[in-house]
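Participant: have a look; sequence and predicted model below, questions after that.
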Amino acid sequence: MAVSTELRVVLFVGGVGGAKLADGLSRCLPPGALRIVVNVGDDFRRYGLKICPDSDTVLYTLAGRVDPVNGWGVAGDTSTVLQALVEMGDDAWFRLTDNDLATHMYRTQRMADGATLTQVTAELVSAMGVDIDILPVTDAPVPTRVLTADYGELDFQEYFVRYRWQPEVKFVRYVGAEDASVTAEVAAAIDWATCIVLAPSNPWLSIGPILAVGDMRERLLARDVPRVAVTPIIDGKAVKGPAAKLMAEQGLEVSGRSVADFYGALLTDFIDDVRNPIFARDGMNVVQRDTLMLEPTDRMRFASELIGYIGEQIR
């Protein structure tokens, strides 16, 4: 498929679904035509280390290092350090494997030396041979916290990993996001883009924290380019993670329509899945595609279809 030289895509991502689309787009777009903005709301500290799960999942995926079974972590990694911690009596509820630990140790030390999160992420991208910019939305800490019916308010990783996202969610907040600023690199990427895509990541837990940072919404609305979101809901279910459960707990219909309503005026276009009920929404083009990306070939197939659709919108 011939791709327009005018197509410059900024992809907002968080989690495994977003990483899959990032991988597909990276294989279908010309070099230099893709920049990725990642969620930092799920960043946290463990054993004194700065850990950035969403950023690392995208990085490992694009570097060809990701664990193909889990969709996160490093393929074939060992867990010698974790096992030693367990033998000391530690409650090792967050699984950190050995090569993954090296990433966190490098990041933590560089930031202690004065590097920003954006700078050290760029260093990791280069070190792992990835030629696509992976941009944290902000260098400020903006932790996502989850108010649950079972345990009160939890740090995101406690909710997501320690309790395996089973507690009933009452409310989600993005601490400090309103007062944080998007980085200069992210602002430049948004101005550079001829299309902005919100990946099929969890709208409330992965994309929502990005949209909540500073003046992000105003920046997006100021761009007269296609602003496209892809549904994370297929046939009434999420492919992976708590999106469907969380929607039901908020009293929302588990559907692509609810996702489109959540993003609202931020979108010009919404890509729903062919398995979902057809719907229309004023001010938004709603189209259906097969968005399921179980295998690497699915990623390229859907990315190619998405690029083709966007190309038609910017002609």
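Facilitator: Looks like it came in fine.

Participant: give me the mean pLDDT for stretch 304-315.
Facilitator: Across stretch 304-315, the average pLDDT comes to 91.

Participant: what's the span of stretch 7-16 from first residue to last?
Facilitator: Start and end residues of stretch 7-16 are separated by 24 Å (CA to CA, to the nearest Å).

Participant: whoops, I mixed them up, stretch 223-239
Facilitator: Stretch 223-239: ends 31 Å apart by CA to CA.

Participant: show the average pLDDT along it.
Facilitator: 96.

Participant: list the buried residues of that stretch.
Facilitator: 223, 225-234, 238-239 (16 or more other CB atoms under 10 Å). Where you see a C-beta, it was placed from the backbone N, CA and C, and this is true even at glycine.

Participant: one more: stretch 250-270?
Facilitator: In stretch 250-270, counting by 16+ other CB under 10 Å, buried: 252, 254-263, 266-270.

Participant: ok, and what's touching stretch 299-315?
Facilitator: Contacting residues not belonging to stretch 299-315 are listed as 1, 3-4, 6-7, 9, 20-21, 23-25, 27-29, 194-195, 197, 225-226, 228, 230, 268-269, 271, 285, 287, 289-293 [CB atoms under 8 Å, 6 or more residues apart in numbering].

Participant: next one: stretch 271-280
Facilitator: So stretch 271-280 is in contact with 228-231, 233-236, 255-257, 260, 286-292, 306, 309, going by CB under 8 Å, 6+ apart.

Participant: so of the residues you listed, which ones are in strands?
Facilitator: Val228, Ala229, Val230, Ile233, Ile234, Val286, Val287, Gln288, Arg289 (DSSP state E).

Participant: quick check: bridge partners of the last one?
Facilitator: According to DSSP bridges, Asp273 are recorded as the beta-bridge partners of Arg289.

Participant: tally of neighbours for it?
Facilitator: 17 (other CB atoms under 10 Å).

Participant: contacting residues around it?
Facilitator: Arg289 touches Ile271, Asp272, Asp273, Val274, Phe302, Glu305, Leu306, Tyr309, counting by CB under 8 Å, 6+ apart.

Participant: how about the residues you listed in TSV, adding distance to Asp133 and neighbour count?
Facilitator: Formatted as TSV, those follow (distance: CB to CB, whole Å; neighbours: other CB atoms under 10 Å):
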residue	distance to Asp133	neighbour count
Ile271	23	25
Asp272	29	24
Asp273	29	19
Val274	32	13
Phe302	22	23
Glu305	24	18
Leu306	19	22
Tyr309	23	17
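
Participant: can I assume Gly73 is in contact with Leu101?
Facilitator: No. Taking contacts as CB atoms under 8 Å, Gly73 lies outside contact range of Leu101: 10.9 Å.
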